[in-house]
Every structure is written in structure tokens, then in C-alpha cells.
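In: What shape does this take:
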Amino acid sequence: MFPTFTGRDDIVLVEAVSPMLDRIGKGDVVICVRPVDPGEHIIKRVVALGGEEVLVYPTADNPAIQRVMVPRGHVWLQGDNLLHSLDSRVYGPVPLALVRGRVMCQVWPSVKKIATDFPSPVVSDD
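Out: Coordinates of the predicted model:
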């Protein structure tokens with residue numbers, strides 16, 4: 001999640017009520033169970049919600065632009081450092097049941113609020 005977090009000994013304040021009340025929104029940074037390794041937790045940004053379509057740009061593994069519909073009850077997660085992030089572009093939409101909490105702020109190595117206004121890859125009909 002660099003540059004939002006340093007990736008070295010960051011400490012964040014997380015609240016666990018939002019996932020239980022289905023109050024996770026686009027731009028939120030969340031802690032969730034890694035879909036490909038349930039013994040590990042990850043921190044990623046929510047860029048799309050269930051019912052939204054996401055544009056996935058070409059990678060070394062997939063040279064075509066893809067449109068992916070996020071199913072209801074799922075979110076699309078991406079790291080802020082897209083060139084070095086293993087996220088929904090690799091493992092697809094993530095079930096909301098795997099989301100454990102929403103990051104409120106960072107408290108170490110510095111105190112800062114987490115921005116929620118990042119560009120979204122969501123396809124718009126506008």
C-alpha cells in the first residue's frame with residue numbers, strides 16, 4: 001500500500017463495525033483475509049462495490065483490457081502501488097465476509113488520516 005503506508009512497522013487504527021453493518025465504501029482502506037492464503041491478512045483499498053463494473057488494464061500475464069463485473073456481496077480491492085500490488089487484479093472480487101475492518105487512521109510512524117479520494121477504475125455510463 002505504498003505510498004499510503006511505508007510497509008515497515010506501520011500501526012493503524014481499525015474499526016470492525018462497518019463490515020458487519022455493510023458500510024464499506026469506495027475509497028475505504030480495509031483489512032481483510034487474503035483470498036489466496038486464509039492464514040494471512042492484507043490491507044488494500046476498496047475501488048468498486050458489488051454491482052459495479054471494473055476496467056482491468058493489461059499486465060504481463062494478461063495483455064488485454066478486461067471488464068469485470070463485481071458480484072453483489074463482494075468488493076474489488078487494489079493496492080495504492082499498482083505496479084507492485086497483488087490484489088483483485090490477480091485474485092478477482094473479494095467476498096465481503098473476508099473484510100475484517102476499515103482503517104481509520106495511521107498512528108505510527110506518524111499520525112495521519114487515510115485519504116479516501118483515489119481514482120477509481122469503475123466503468124461509468126455517463
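In: Quick one: list the elements packing against the worst-scoring helix or strand of the chain on mean pLDDT.
Out: Every helix and strand of the chain was ranked by mean pLDDT, DSSP states H and E. The lowest is strand 112-113, at a mean of 72. Using 3 or more Cβ pairs under 8 Å, 6 or more residues apart in numbering; DSSP states H and E, the elements in contact with strand 112-113 are strand 99-108. Bear in mind the C-beta positions are built from the backbone N, C-alpha and C, glycine included.
In: hmm, back to that, quick check: neighbours of the least confident helix or strand of the chain in the sheet, parallel or antiparallel?
Out: According to DSSP bridges, strand 112-113 forms sheet pairs with strand 99-108 (antiparallel).
In: Next, the buried residues of the partner strand.
Out: Using 16 or more other Cβ atoms under 10 Å as the test for burial, strand 99-108 gives 99, 101-103, 106.
In: Contacts for that strand, please.
Out: Strand 99-108 is contacted from outside by 5, 9-16, 18-19, 24, 28-33, 41, 43, 75, 111-114, using Cβ atoms under 8 Å, 6 or more residues apart in numbering.
In: Can you tell me which of the residues you listed end up in strands?
Out: Members of the contacts of strand 99-108 lying in strands (criterion: DSSP state E): 11-15, 29-33, 41, 43, 75, 112-113.
In: Give me the nearest residue to L86, chain neighbours excluded.
Out: Computed as Cβ to Cβ, 6 or more residues apart in numbering, the closest residue to L86 that is not its neighbour in sequence is G79, at 7.6 Å.
In: go on, P35?
Out: Nearest-residue entry for P35: Y91, 4.8 Å, with adjacent residues in sequence omitted and distances by Cβ to Cβ, 6+ apart.
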